[in-house]
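Visitor: Next come a sequence and a model predicted from it.
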Amino acid sequence: MTINNNTNRSDTSRTVTRSVAVAIIGAGTAGQNAFRQASKQTDDIVIINDGFWTTTCATVGCMPSKLLIAAADRAHEAKTADIFGVHAEVEIDGKAVMARVQAERDHFVSFSQKQVNDWDDDKKIAGQACINADGNIEVNDECIEAQHIIIATGSSPFIPEGWAETLGDSLLTSDTVFELQDLPASLAVVGAGAIGLELAQAFARLGVEVTLFNRVGRVGGLKDKDVNQQAITCLSNELTLELDSKINEVACDSQDGTLRATIDYCDHHGEQKQWQGERVLVATGRRNNIERLGVTHLGVSLDDKNRPQDLDKNTGRIGDLNVYIIGDANAHLPILHVASDEGFSAGHSVCLNDEQSHLRPPSIPLSIVFCEPQIATVGMSLPEIEAQNLEYVIGKVNFSNQGRSRIMAVNCGKLHIYACAKTDKILGACMAAPDGEYIAHILAIAITNEMSIKTLLESPFYHPTILEGLRSALRHAQEQMSIPHQS
Ligand SMILES: Cc1cc2nc3c(=O)[nH]c(=O)nc-3n(C[C@H](O)[C@H](O)[C@H](O)COP(=O)(O)OP(=O)(O)OC[C@H]3O[C@@H](n4cnc5c(N)ncnc54)[C@H](O)[C@@H]3O)c2cc1C
Ligand SMILES: NC(=O)c1ccc[n+]([C@@H]2O[C@H](COP(=O)([O-])OP(=O)(O)OC[C@H]3O[C@@H](n4cnc5c(N)ncnc54)[C@H](O)[C@@H]3O)[C@@H](O)[C@H]2O)c1
């Protein structure tokens, strides 16, 4: 069977060389999960992948970035030990730092490679897939007709037009930065999203002279002005920030074998300035890899940012087509656990008649940026709550005087909890906070299970912990409510 709703059929059809029940395009986290789940139901399956058969997460994403951050945090702790009366001489061996990042990264990569190696060779095709006007998949010299197609082609770094040429060898992206053999002397990081923030702070902590540029005044996508401002205050203790700036031109030349990159920009006061240094890490966002895949031949419509329309956010299914677009490829929530869950759900639903069986329940939004303080958002954002005219209160805590945070000298940050004033339930939260990853998970569990603030406050909070800061914010929210049982 070919995919239905085929709108762009050509007369010059290529002969089908293989027919399968399920074809998966892309073997990253989402695609591998889909393959594993679907393989439990059918043998009539093929997975096609271009490039490395591991995952973005293990190879150039979550894992190498956290390995670099781990080294940076050790350096930071040693360099700032003076505050405790502990004096340490810190010497950073850039080659050894990068060697550990690469060795541990390779260890993680080998896990996913081993799993893929165990799959039957005749179910794996290495090559770049393209969907033709008949809705069939062309790869190498094969033309595959599939009853169900799962697209899990991920995303790639977006580089502003012309920058690759003008920055030449000084250009780095998250695809190349972890291959460095040594630390650069100086680095401009462009983009203060998750990638830019994590890597800018990590390199700064490792002794690299870092300037972080962003075209808006927001960091880590924070939508709460107060928390955003607090995050900027904390981060600027360690980083040179050029927020709300406009980059006009980038260039690079080489003198005596040393790279010299320049960035001409207009700062937030409107003053023309120039940055000069060794390397430029471009972290200006990622784009899903479906532009040239030919998904429109399957009846899928895309908006102006390549986002598929009619996406079922639980399964990645597109409308009533037998087409699923999952993971970063659908540009919905480009984070790891979402790619993983969507892969799992799509893998089941292509094979079972009962589409609801074994599907993961929709999880509430959760994102964490691993800078310090950690920037995390859970549930609804403030603009979303306001757009729905919900009656809300904000429970706030500032970590500057929070007991355990002061003890540990990590007392910079703020937590805002948005709670419904009528139901006592948590709607969402936003923070730049020490131990933000744990606070965010507790709040995510509370929202998922519709726990009231009262119930949460009846749970024990051990003393002295940073989580007592969470209790302070919950109490602050409670104080503002007029629900009788709360008084
Ligand atoms: C630096 C960095 C740090 C990150 N840190 C975190 C983090 O801390 N936490 C978190 O939750 N998320 C993080 N992410 C995001 C996370 O890594 C991604 O959301 C996730 O890896 C996406 O998985 P995927 O399966 O959708 O895509 P991928 O793993 O990218 O897999 C897509 C596969 O499809 C292949 N492909 C593409 N086009 C074709 C084609 N035409 N034919 C055949 N194959 C094709 C690709 O080569 C690739 O192998 C990070 C990302 C980056 C870049
Ligand atoms: N810890 C995590 O969960 C984690 C870590 C890294 C990446 N990721 C995932 O990877 C995705 C991509 O991350 P990202 O940080 O590249 O993208 P992003 O979209 O989050 O941030 C890009 C930033 O670059 C800025 N920008 C864009 N063009 C610019 C220009 N010309 N000049 C100056 N600034 C410019 C934008 O204003 C924005 O702040 C994220 O959406 C996230 O889901 C997650």
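Guide: Here it is on my side, so go on. Please read these numbers as outputs of a predicted model, since none were measured by experiment. Numbering: from 1, shown residues only. Ligands and ions are numbered 1, 2, ... in the order given.
Visitor: CA only for contacts and neighbour counts going forward, please
Guide: OK.
Visitor: show me the contacts for Ala72.
Guide: 202-203, 205-206 (Cα atoms under 8 Å, 6 or more residues apart in numbering).
Visitor: TSV for those, including neighbour count, pLDDT and distance to Ile375?
Guide: Below are those laid out as TSV (neighbours: other Cα atoms under 10 Å; pLDDT from 0 to 100; distance: Cα to Cα, whole Å):
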residue	neighbour count	pLDDT	distance to Ile375
Ala202	27	98	15
Phe203	23	98	18
Arg205	23	98	18
Leu206	23	98	21
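Visitor: Would you format those residues as TSV with secondary structure and distance to ligand 1 included?
Guide: Converted to TSV, the contacts of Ala72 look like this (DSSP: H, G, I helix; E, B strand; the rest coil; distance: Cα to the nearest ligand atom, whole Å):
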residue	secondary structure	distance to ligand 1
Ala202	helix	12
Phe203	helix	13
Arg205	helix	17
Leu206	coil	17
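Visitor: which one of those is nearest ligand 2?
Guide: Of all the contacts of Ala72, ligand 2 sits closest to Ala202, with 12.6 Å by Cα to the nearest ligand atom.
Visitor: and the gap between the residue nearest to the spatial centre of the chain and ligand 2?
Guide: The centre of the chain sits closest to Ile335, judged by Cα atoms, centre = their mean, with a distance of 4.1 Å. Going from Ile335 to ligand 2 by Cα to the nearest ligand atom, to the nearest Å gives 5 Å.
Visitor: for the closest residue to Asp253 other than its chain neighbours, what are its contacts?
Guide: Spatially, and ignoring its direct neighbours in sequence, Asp253 is nearest to Arg260 (5.4 Å; Cα to Cα, 6 or more residues apart in numbering). Taking Cα under 8 Å, 6+ apart as the criterion, Arg260 is in contact with 170, 252-254, 276-279.
Visitor: Kindly state the pLDDT recorded for Ser254?
Guide: Looking at Ser254, its pLDDT reads 87.
Visitor: all helices of the stretch 201-350 of the chain, in order?
Guide: Residue ranges of the helices in the stretch 201-350 of the chain, as given by DSSP state H, counting those that start in this stretch, are 225-235, 336-349.
Visitor: hey, least reliable of those helices by pLDDT?
Guide: Of all these, mean pLDDT reaches its minimum on helix 336-349 (a mean of 91).
Visitor: That one packs against which elements?
Guide: Packing contacts for helix 336-349, counted by 3 or more Cα pairs under 8 Å, 6 or more residues apart in numbering; DSSP states H and E, involve helix 29-39.
Visitor: is the helix it packs on anywhere near ligand 1?
Guide: Yes. Helix 29-39 comes into contact with ligand 1 (Cα under 6 Å from any ligand atom), by way of 29-31.
Visitor: same question, stretch 312-330
Guide: Yes. Using Cα under 6 Å from any ligand atom, stretch 312-330 reaches ligand 1 at 327-329.
Visitor: could you list every residue that touches the residue nearest to Lys273 when sequence neighbours are not counted?
Guide: In space, and not counting its chain neighbours, Lys273 is closest to Tyr265: 5.4 Å by Cα to Cα, 6+ apart. Applying Cα under 8 Å, 6+ apart to Tyr265 gives the contacts 245-249, 272-275.
Visitor: hmm, which of the residues you listed are the buried ones?
Guide: When the contacts of Tyr265 are checked for burial by 16 or more other Cα atoms under 10 Å, the buried set is 245-247.
Visitor: Cross-check the contact I'm expecting between Gln402 and Leu467.
Guide: No. Counting by Cα atoms under 8 Å, Gln402 does not reach Leu467; the two are 9.7 Å apart.
Visitor: need the contact list for Asp73.
Guide: Residues counted as contacts of Asp73 (Cα under 8 Å, 6+ apart) are 202, 205.
Visitor: 7 Å instead?
Guide: By Cα atoms under 7 Å, 6 or more residues apart in numbering, Asp73 lies in contact with nothing.
Visitor: For ligand 1, tell me whether the helix or strand where it lies is touching it.
Guide: If you go by DSSP states H and E, Asp73 is part of helix 62-79. Yes. Helix 62-79 is in contact with ligand 1 by Cα under 6 Å from any ligand atom, via 62, 65.
Visitor: give me the beta-bridge partners of the residue nearest to Lys273?
Guide: Ile247, Lys273 (DSSP bridges).
Visitor: now do Val369
Guide: Beta bridges link Val369 to Ile375 when assigned by DSSP bridges.
Visitor: what's the neighbour count on Gln37?
Guide: 20 (other Cα atoms under 10 Å).
Visitor: And for Ser363?
Guide: Look at Ser363: counted by other Cα under 10 Å, it has 16 neighbours.
Visitor: Give me the buried positions along the helix holding Asp73.
Guide: By 16+ other Cα under 10 Å, the buried positions in helix 62-79 come out as 62-69, 71-73, 75-76, 78-79.
Visitor: now it, how far from the centre of its chain.
Guide: Computed by Cα atoms, centre = their mean, to the nearest Å, the chain-centroid distance of helix 62-79 equals 18 Å.
Visitor: Residues of this structure that sit close to ligand 1?
Guide: So the chain meets ligand 1 at 25-31, 48-53, 55-57, 60-62, 65, 127-130, 152-155, 174, 195, 289, 293, 327-329, 334-337, 339 (Cα under 6 Å from any ligand atom).
Visitor: Now, of those residues, which are buried?
Guide: In these, the ones that pass as buried (16+ other Cα under 10 Å) are 25-31, 48-49, 53, 55-57, 60-62, 65, 127-130, 152-155, 174, 195, 289, 293, 327-329, 334-337, 339.
Visitor: what's the longest helix anywhere in the chain packed up against?
Guide: The single longest helix within the chain, with elements called by DSSP state H, is helix 94-117. In terms of contacts (3 or more Cα pairs under 7 Å, 6 or more residues apart in numbering; DSSP states H and E), helix 94-117 is packed against helix 56-60, helix 62-79.
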